[in-house]
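# 3D, please:
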Amino acid sequence: SITSRTKPQDTPLSYRLQLHEYQEAALHIQQALINLQDPEEIYRLVVDTIVEKNIAIGAYVVLPEVNEEWMRVTAAEADDPDLQKSLAQMRISTDPTHLPYGNLLPARCFREKTPLGPVDPQQHPAMADIQKSLPALLRVRNVMAYPVFVCDDPDPFAIFVIESDTRHHFTPALQNLLAQMVQSVSAALTQSRHHQQLQQLTHFNVLLSSANEAIARVENEADLLRALCALAVRHSNMRLAWIGQPDEKGDFHSIAAAGAVDYLEGICISTSAEIAAGQGPVGQSWRDQKPVYNASFTKNPRMNPWAQRAQDFGLAANASLPIYRSNNLWAVLAVYHSEENIFGTDLQKILEDLAKDVGYGLDRLDILRKERETNDFTELLLNTQTSGINVMRYPERIIERVNARMLEIFEADSMKNIGKFEKLPISSKM
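Below is the predicted model:
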């Protein structure tokens, strides 16, 4: 809990002391950021430090959601439990026409992509209705909002908000210091993303190399398909991976699966574009013969037939990719993840390569099967003859195969024992 603190008077000395406290807090944040990779831990560090080590009464971080109007408060801290609860319950809209939520300072900061404030929320008409439901916000008399950018993204990744109960809290020097601190947070989040991308690429490379190893080693079709699904779940953090084919009615059935396989029990997925069961990625990728990615079960109306079932199994997004066998559409590879908006460019590339590898593996098994059938036929043909037959490689004139009658003629029990005849003229062997 945060204990109450005595606030200094508005004097030049008090402002210098306040700035010094913020400088120490910013230094603490910069030092701690070195050892943090998780964005949620970074947000928590910033808001906790700002409130605990300074006289700010509250701080919070809001995140925009992809394809969503509402921003999410992901971390909030205050010197009073009621204020902290109120900050966590803030509703902030990215839609400027959705009043009053779209006209709040964090929303404007997100749209304008620049630091905003200081402003007195008590003088802002947008706060009047909000304060009726969240009366603890009446304490707030001064607010600053800073956009947090990550990598080269054009839109803010997060909005950092600091609140005070004094009107002259945010001096120009303090505003500059907070802007520098936000830049440090942006650098840490950028490094975190790069680290996550590197880890992800490492897992993806392991997935493809393991898939290629299985393709080269496994000679049973069912075992190969199950192994590839299991590798997809293990190395790409998928909750479910399955390979399916439609029957004569167009209803899909799983022929191999790994992960949350109970999700598939009794599920209805169709190739038909005329019914709801055919509107998902699986049916669409079969019809269009190309990969289809669904960013969210709950936010995509086409996914309504499966949204509740997916939620019950912890599935948030899915994708389907066509599998070709001998250049003909043969099946689809369907994968499911627990996070929304997960299918970035790198993951799409890996999944498409994996689907191609499944096809290559099936083609390899077909070639091996044809070779075995040819060998079996040749063996049968050779050993049903009453004459001695050998198969010789030219120009080396090396005997590669003989039938049983030829072994009798040479009075040998195997190919090894007729090697001494391989240098003889052809006429001497007949």
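
# Can you verify Ala256 is assigned to a helix?
No. Using DSSP: H, G, I helix; E, B strand; the rest coil, the assignment for Ala256 is strand, not a helix.

# Bridge partners for it, pull those for me.
Going by DSSP bridges, Ala256 is paired in beta bridges with Ile243.

# Assumed Met90 was part of a strand.
No. The assignment for Met90 (three-state DSSP) gives coil, which keeps it out of a strand.

# Looks like it contacts Val62 (just checking).
Yes. Using Cβ atoms under 8 Å, Met90 is in contact with Val62, at 7.5 Å. (Each C-beta comes from the backbone N, C-alpha and C, glycine too.)

# Give me the more crowded residue out of those two.
Taking neighbours as other Cβ atoms under 10 Å, Met90 and Val62 compare with Val62 leading, 26 against 19.

# In contact with that one: list those residues for me.
Residues counted as contacts of Val62 (Cβ atoms under 8 Å, 6 or more residues apart in numbering) are Met71, Arg72, Val73, Thr74, Met90, Ile92, Pro106, Ala158, Ile159, Val161.

# how much space between it and Leu264?
38 Å (Cβ to Cβ, to the nearest Å).

# secondary structure element for Leu178?
Assigned by DSSP states H and E, Leu178 belongs to helix 172-217.

# What lies in contact with stretch 167-174?
By Cβ under 8 Å, 6+ apart, stretch 167-174 touches 10, 15, 18-19, 22, 55-56, 117-118, 120, 141-142, 144, 162, 164, 178.

# 6 Å instead?
Stretch 167-174 is contacted from outside by Asp10, Tyr15, Leu19, Tyr22, Pro118, Arg141, Asn142, Met144, using Cβ atoms under 6 Å, 6 or more residues apart in numbering.

# now swap in stretch 310-322 and tell me
239, 260, 263, 281-282, 285, 289, 291-297, 329, 332-340, 342-343, 351, 355.

# out of those, which are buried?
Buried by 16 or more other Cβ atoms under 10 Å: 239, 260, 263, 281-282, 285, 291-297, 332-338, 340, 342-343, 351, 355, out of these.

# Mind checking which of those residues are in strands?
Val292, Tyr293, Asn294, Val332, Leu333, Ala334, Val335, Tyr336, His337 (DSSP state E).

# In TSV, list the residues you listed along with distance to Glu400 and pLDDT.
Output for those, formatted as TSV (distance: Cβ to Cβ, whole Å; pLDDT from 0 to 100):
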residue	distance to Glu400	pLDDT
Val292	50	97
Tyr293	51	97
Asn294	55	96
Val332	43	98
Leu333	41	98
Ala334	46	98
Val335	46	97
Tyr336	51	97
His337	52	95
